[in-house]
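Peer 1: A structural model of the following input is requested.
(one chain, ligands or ions: 2)
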Amino acid sequence: MNIRPIVLVADPLSPVALAALGSDVEVRHCDGTDRPALLAAVERADALLVRSATRVDAEVLDAASRLKFIGRAGVGLDNVDVPYATLRGVAVVNAPAANVVSAAEMTCALILASARRLLPAATALRRGRWERPRFTGVELSGKTLGVIGLGRIGTLVAERMAAFGMDIVAHDPHREGGCPDGVKLLSLQELLHRADVVTVHLPKNAETIGLIGRAELAAMKPTAVLVNVARGGIVDERALHAALVSGQISGAALDVFDREPCTESPLLELDNVTPTPHLGASTSEAQDRAGVTVVEAALQALFDRPADSLVA
Ligand SMILES: NC(=O)C1=CN([C@@H]2O[C@H](COP(=O)(O)OP(=O)(O)OC[C@H]3O[C@@H](n4cnc5c(N)ncnc54)[C@H](O)[C@@H]3O)[C@@H](O)[C@H]2O)C=CC1
Ligand SMILES: O=C(O)CCC(=O)C(=O)O
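Peer 2: Ligands and ions are numbered 1, 2, ... in the order given. Got it, this is the predicted structure:
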């Protein structure tokens, strides 16, 4: 009998990615946020494919005695215990370039939506209120965008918002090589003092958790808006709520939350917050690219064959 390796898909992947898995493997699905279901299903898996919702920690890795490969169909690896996986001899592969354009476009959409107060204006209109003076916005042209984390996504956001006439400043002490034309690198404090819009594009790790807290929010302009399309927890949510309620800053746009799914939070009740349910990478193009990237890598790891010969 020909036993095919088992690929466990624990978060929704694009149909194109699922088709690319082909017939050399047995594909199984489970809901990675259902812990008992995940622990049971991973026991027989040779490869595990996830997005950001499934937490792959030591408990999952200990339950996965056959596992050789974890594919993270996206950028952030904060939901995977990479050091422990490495210790267990499990390869971890992400798709670092697959969704960055989508995440950058989402960030720009949130910046524009915040500047023109699109969400509260649309909500009021749906409730039958035509309130033009209440929703006077601000122009972005001539204002300053502060990018915290000038990596792939931060750079794409900087390029796009420069086309709207924004001056770009950035903070990134780990950046190697030069800075894109027209972008000025500043200390975090200087950036916070200067920026009209602050946008966060950092990985979530021990250094960045809580990086934007009470003191940092207090350093921002009262007219400034904070955008986070990176990870919840990098911005202290309690401190942000207090800053928004007291008028210390003017608004926030949040695609990510400390605990996800986040359907109850005092932040969701504020008129000056534009919240989205972690949609930065949720485009068909990004999902196809991210899914196919990890499927190709999984097939290569399982069969030790060049990926090109395996994926249609
Ligand atoms: N909302 C969403 O759907 C998505 C969210 N993301 C998140 O965005 C994050 C950033 O993605 P990329 O730009 O592709 O990563 P990247 O690795 O290209 O860039 C991150 C940048 O942050 C800088 N950095 C690290 N620590 C820093 C610190 N303490 N202060 C200032 N800068 C620091 C690094 O030097 C690097 O230039 C990902 O780690 C992921 O968590 C990514 C894709 C989609
Ligand atoms: O849709 C997803 O998987 C989340 C994308 C994301 O946050 C990431 O790639 O880091």
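Peer 1: for the strand or helix carrying Gln300, buried residues please.
Peer 2: Using DSSP states H and E, Gln300 sits in helix 284-303. When burial is assessed from 16 or more other C-beta atoms under 10 Å, helix 284-303 yields the following buried residues: 286-302. In this view, the C-beta of every residue, glycine as well, is placed from N, C-alpha and C.
Peer 1: try stretch 271-282
Peer 2: Neighbour counts over stretch 271-282 (16+ other C-beta under 10 Å) mark 272-276, 278, 280-282 as buried.
Peer 1: equivalent analysis for stretch 21-30, please.
Peer 2: By neighbour count with 16+ other C-beta under 10 Å, stretch 21-30 contains the buried residues 21, 25, 27, 30.
Peer 1: just stretch 213-221 next, same as before
Peer 2: Buried positions in stretch 213-221, judged by neighbour count with 16+ other C-beta under 10 Å: 213, 216-217, 219-221.
Peer 1: how many residues are close by Pro180?
Peer 2: Other residues near Pro180 come to 13 when the count uses other C-beta atoms under 10 Å.
Peer 1: let me see the contact set for whichever residue of the chain sits closest to ligand 2.
Peer 2: Closest residue of the chain to ligand 2, C-beta to the nearest ligand atom: Gly74 (2.5 Å). Neighbour list for Gly74: 51-52, 94-95, 98-99, 281, 290 [criterion: C-beta atoms under 8 Å, 6 or more residues apart in numbering].
Peer 1: near ligand 2 too, which of those residues?
Peer 2: Checking the contacts of Gly74 against ligand 2 by C-beta under 6 Å from any ligand atom, the ones in range are 51-52, 99, 281.
Peer 1: any chance of JSON lines for those, columns distance to Leu156?
Peer 2: Conversion of the ones next to ligand 2 among the contacts of Gly74 to JSON lines gives the following (distance: C-beta to C-beta, whole Å):
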{"residue": "Arg51", "distance to Leu156": "20"}
{"residue": "Ser52", "distance to Leu156": "19"}
{"residue": "Asn99", "distance to Leu156": "11"}
{"residue": "Ala281", "distance to Leu156": "13"}
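Peer 1: PyMOL command for the buried members of these?
Peer 2: What follows is the PyMOL syntax for the buried subset of those, where burial is set by 16+ other C-beta under 10 Å:
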select buried, resi 51+52+99+281
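Peer 1: return the member of the ones next to ligand 2 among the contacts of Gly74 nearest to Ala162.
Peer 2: Top of the list for closeness to Ala162, among the ones next to ligand 2 among the contacts of Gly74 and by C-beta to C-beta, is Asn99 at 21.5 Å.
Peer 1: the closest one contacts Ala286, doesn't it?
Peer 2: Yes. Counting by C-beta atoms under 8 Å, Asn99 sits close enough to Ala286 to count as a contact (3.7 Å).
Peer 1: just the closest of the ones next to ligand 2 among the contacts of Gly74 to Thr155, please.
Peer 2: Scanning these for proximity to Thr155, where the rule is C-beta to C-beta, the winner is Asn99, at 14.6 Å.
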